[in-house]
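> below: sequence and its predicted model.
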Amino acid sequence: MGTGSGKLKTVSLNLPVTTEDLKDIEIGTVVYLNGVVYTAREGVYKKVIEDGEQLPAHLHETSNANFHCSPAATRNADGTYNVGAMTGTASFRFSKWLEDWFRISKAKIIIGKGGMSSADYKKYFVPNGAIYLTTVGYGTGALLGRGIKGIRDVHWFDELGVAQAMWMVEVENFGPFIADSDLEGNSLFERENAKIREGVDKLYEGTKEPALHRYGESNNRGDEVI
Amino acid sequence: MIPMSVVRKTARELMDRAAIEIPDDYLTGLKKAADNEDGDLSSFVLHAMLENYEAAKEDRRAMCADTGVPRWYVKMGNEATLEGGPVALEEALRGATAEATDGVPLRPNRVHPLWRTDHNNNVGLNAPEIEYSFEPGGDWIDLTTVHKGGLFGTDYRMLFPGDGIEGIKRFYLDCLMAFGKRGLACQPAIIGVGLGGSKDICSVLGKQAACLRTVGDRNPDPRTAELELELMELGNSIGMGAMGFVGKSMVIDCHIECGYTHTGGMPMSVHAFCLSSRRAVARVYGDGRVEFRTDPNWFTPYMRRETVGWEPEAESLRQSV
């Protein structure tokens, strides 16, 4: 557990979770996971949502935690796998698939890098009683690697490759993660952004607008670019 | 003659070291930032990262599972000759990259931009990048590998002389603000700024400034050095820390590299290295000796020369003024 976690509320969850289990998670809570998590990102989303392929049977009874990531891993000659490290990838770009994904996968936890917007949380997560956990750092890959106890299964390895395949990963004390959203769809990142926004005018004081402008930009530094 | 088998073996070892071991200069800088950080969340993140470096080293596993886009920087002494020539060298570096992908293991990140073809070994069209520089004297070759992230934290803009230092500061802040939120830039990081050159060289200089200079190193031009410190402080005054949480650790160091540019322009690039700052260096000598280190020592006085020929006395005078 992080030496700096003393001041932060820390919770350990067993997977699969129920919405009830997530009630006490506040934005900013540090979370560790036990059980099985699976990876699914654009490759799996396209396959399942756009091409209509079937997810492994009873997936949500095994796990309802979807990690936006790819492991640093190799397949050994005997068919087993060697996983070194795991690190999240930026989640904001997956929002267009989420409505269908929650319906099909019955996921309750999405894990990734950097969270999503509170608009996404309210639209897709809240109706499904789901929350978002962000990886820490980013790149506590080695700590997450330590939490991996084994690979239960890998789906679509040959078609999608190491990075995009669906890895079913057995984990114990897997973390740390930080809750970006709660069951009401609030976002920790947006709360932090709002605080930082207060200092922006002063920060930019004395800087100079460039002579040559660019199309399509936001000039409001309170905005995010995602 | 530098034996190619030693080059290949050394390159393979460098891939391991870069992926697994945090360079000392960055670690020292980050520890200092962690001590000063008072934001609860930012502080938690920094301590988790410090713990992560320990775990990676103890277990010999990659610090970060996002391999980024591994690449090579090669510096050759003027007296060096390579067994098999430059073609063999490139095969050795591509080979070491592929072997390490399987061996560390690293994530096979490199795909074709359109067809998403993945050779599962981080090797492909124009990948890994190999950049070269040369040095007077010396029967040796320096190999540096850098595993830098490939998606966020980098931008380029054509500024003009009239935009001035105030324009430079604004674009610098824009980059940190845009990519710092939610921590997309994986800060706190070493920030590299490229100023001048043509568009491609401007980007190259900024990236090299971020990835090939160590924490605490200052540009030999005193006014540029002063601007480096000013930009570092400016970045740390945003009120943003690790992962975009409220805090004050955004920039571990800021390095600026300049190149002579078009008389009407002042192009600028900004690059954020990341919390793992993955770089490793070795020098292989003609007699097969190998010395490992973490400082690429890329920007030598020769690299920063302004004269037609190499005039070390004139350069040392100019650079000390």
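Thanks, I have it. Numbers count the residues shown, from 1 in each chain, chains lettered A, B, ... in the order given.

> quick one: residues contacting residue B:252.
For residue B:252, the contact set (Cβ atoms under 8 Å, 6 or more residues apart in numbering or on different chains) comprises B:26, B:29-30, B:33, B:188-190, B:215. Glycine gets a C-beta too; all of them are placed from N, C-alpha and C.

> just the strands in the stretch 151-300 of chain B please.
In order along the chain, the stretch 151-300 of chain B carries the following strands (DSSP state E, counting those that start in this stretch): B:154-157, B:189-196, B:251-259, B:268-272, B:278-285, B:290-293.

> the ones you listed: which one's closest to residue A:137?
Between residue A:137 and those, the tightest spacing by Cβ to Cβ is seen for strand B:189-196, at 11.6 Å.

> output the contacting helices and strands for that closest one.
Other helices and strands packing on strand B:189-196, by 3 or more Cβ pairs under 8 Å, 6 or more residues apart in numbering or on different chains; DSSP states H and E, are helix B:164-180, helix B:199-211, helix B:222-235, strand B:251-259, strand B:268-272.

> kindly reformat the strands of the stretch 151-300 of chain B as JSON lines containing distance to residue A:80 and mean pLDDT.
JSON lines is the format used below for these (distance: least, Cβ to Cβ, whole Å; pLDDT from 0 to 100):
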{"stretch": "strand B:154-157", "distance to residue A:80": "38", "mean pLDDT": "96"}
{"stretch": "strand B:189-196", "distance to residue A:80": "36", "mean pLDDT": "98"}
{"stretch": "strand B:251-259", "distance to residue A:80": "39", "mean pLDDT": "98"}
{"stretch": "strand B:268-272", "distance to residue A:80": "37", "mean pLDDT": "98"}
{"stretch": "strand B:278-285", "distance to residue A:80": "27", "mean pLDDT": "98"}
{"stretch": "strand B:290-293", "distance to residue A:80": "33", "mean pLDDT": "98"}
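
> of those strands, flag the one that's most buried.
Comparing these by mean neighbour count (mean count of other Cβ atoms under 10 Å in any protein chain shown), strand B:268-272 comes out on top with a mean of 28.

> for that strand, what is the distance to the chain centroid?
Using Cα atoms, centre = their mean, to the nearest Å, the mean C-alpha position of strand B:268-272 is found 11 Å from that of the whole chain.

> in its sheet, what does that strand sit against?
For strand B:268-272, the pairing partners within the sheet under DSSP bridges are strand B:154-157 (antiparallel), strand B:189-196 (antiparallel).

> apart from its chain neighbours, what residue comes closest to the residue positioned nearest the centre of chain B?
Taking Cα atoms, centre = their mean, the centroid of chain B lies closest to residue B:211, which sits 1.0 Å from it. Taking Cβ to Cβ, 6 or more residues apart in numbering or on different chains, and ignoring the residues beside it in sequence, residue B:211 has residue B:146 as its nearest neighbour in space, at 4.5 Å.

> tell me the strands beside the helix or strand where the one you found lies, with direction?
Using DSSP states H and E, residue B:146 falls within strand B:140-148. The sheet places strand B:140-148 alongside strand B:69-77 (antiparallel), strand B:278-285 (antiparallel), with pairing taken from DSSP bridges.

> and the shortest one with helix B:199-211, angle?
Per axes from the mean of the first three to the mean of the last three Cα atoms, to 10 degrees, the angle that strand B:278-285 makes with helix B:199-211 is 90 degrees.

> what about residue B:174, neighbour count?
20 (other Cβ atoms under 10 Å in any protein chain shown).

> which residues touch it?
A:221, B:155.

> got the buried residues for the strand or helix carrying residue A:31?
With elements delineated by DSSP H and E, residue A:31 resides in strand A:30-39, which encompasses its position. By neighbour count with 16 or more other Cβ atoms under 10 Å in any protein chain shown, strand A:30-39 contains the buried residues A:30-39.

> now pLDDT and distance to residue A:202 too, for these, in CSV please.
Listed next are the buried residues of strand A:30-39 as CSV, based on pLDDT from 0 to 100; distance: Cβ to Cβ, whole Å:
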residue, pLDDT, distance to residue A:202
A:30, 98, 32
A:31, 98, 35
A:32, 98, 39
A:33, 98, 41
A:34, 98, 45
A:35, 98, 47
A:36, 98, 48
A:37, 97, 42
A:38, 97, 45
A:39, 96, 42
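
> just those residues now: which is nearest chain B?
Minimum separation from chain B among the buried residues of strand A:30-39 (Cβ to the nearest Cβ) is found for residue A:30, which lies at 7.1 Å.

> in the sheet, who's paired with the closest one?
In this structure, residue A:30 has the following beta-bridge partners (DSSP bridges): residue A:10, residue A:178.

> ok, back up a step: distance to residue B:141 for the strands paired with strand B:268-272 - can I get that in TSV?
Formatted as TSV, the strands paired with strand B:268-272 follow (distance: least, Cβ to Cβ, whole Å):
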stretch	distance to residue B:141
strand B:154-157	28
strand B:189-196	24
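
> quick one: closest of those to residue B:19.
With Cβ to Cβ as the criterion, residue B:19 lies closest to strand B:189-196 of the strands paired with strand B:268-272, at 17.3 Å.

> how far does the closest one sit from its chain's centre?
A distance of 10 Å separates the C-alpha centroid of strand B:189-196 from that of its chain, computed with Cα atoms, centre = their mean.

> do the same with stretch B:68-78
Counting by Cα atoms, centre = their mean, stretch B:68-78 comes out at 11 Å from the chain centroid.

> now do stretch B:219-236
Averaged over its C-alpha atoms, stretch B:219-236 has a centre that lies 18 Å from its chain's centre (Cα atoms, centre = their mean).

> please point out which parts of it sit buried.
B:219-221, B:224, B:227-228, B:231-232, B:234-236.

> identify the farthest-apart pair in the residues you listed.
Within the buried residues of stretch B:219-236, two members stand farthest from each other by Cβ to Cβ: B:220 and B:236, at 23.6 Å.

> any regions of chain B where pLDDT drops low?
Along chain B, the parts satisfying pLDDT under 70 run over B:318-321.

> who are the contact partners of residue A:39?
With contact set as Cβ under 8 Å, 6+ apart, residue A:39 has these partners: A:66-71, A:165-167, A:169.

> quick one: it from residue A:192, how far?
Applying Cβ to Cβ, to the nearest Å, the value for residue A:39 to residue A:192 is 27 Å.

> do the same with residue B:133
Computed with Cβ to Cβ, the distance linking residue B:133 and residue A:192 is 41 Å.

> who has more neighbours, those two?
More crowded of residue B:133 and residue A:192, by other Cβ under 10 Å: residue A:192, with 27 against 16.

> quick check: phi and psi at the closest residue to residue B:245 other than its chain neighbours.
Closest residue to residue B:245 apart from its sequence neighbours, by Cβ to Cβ, 6+ apart: residue B:41 at 3.9 Å. Backbone geometry at residue B:41, expressed as degrees, to the nearest 10, gives phi -70, psi -50.
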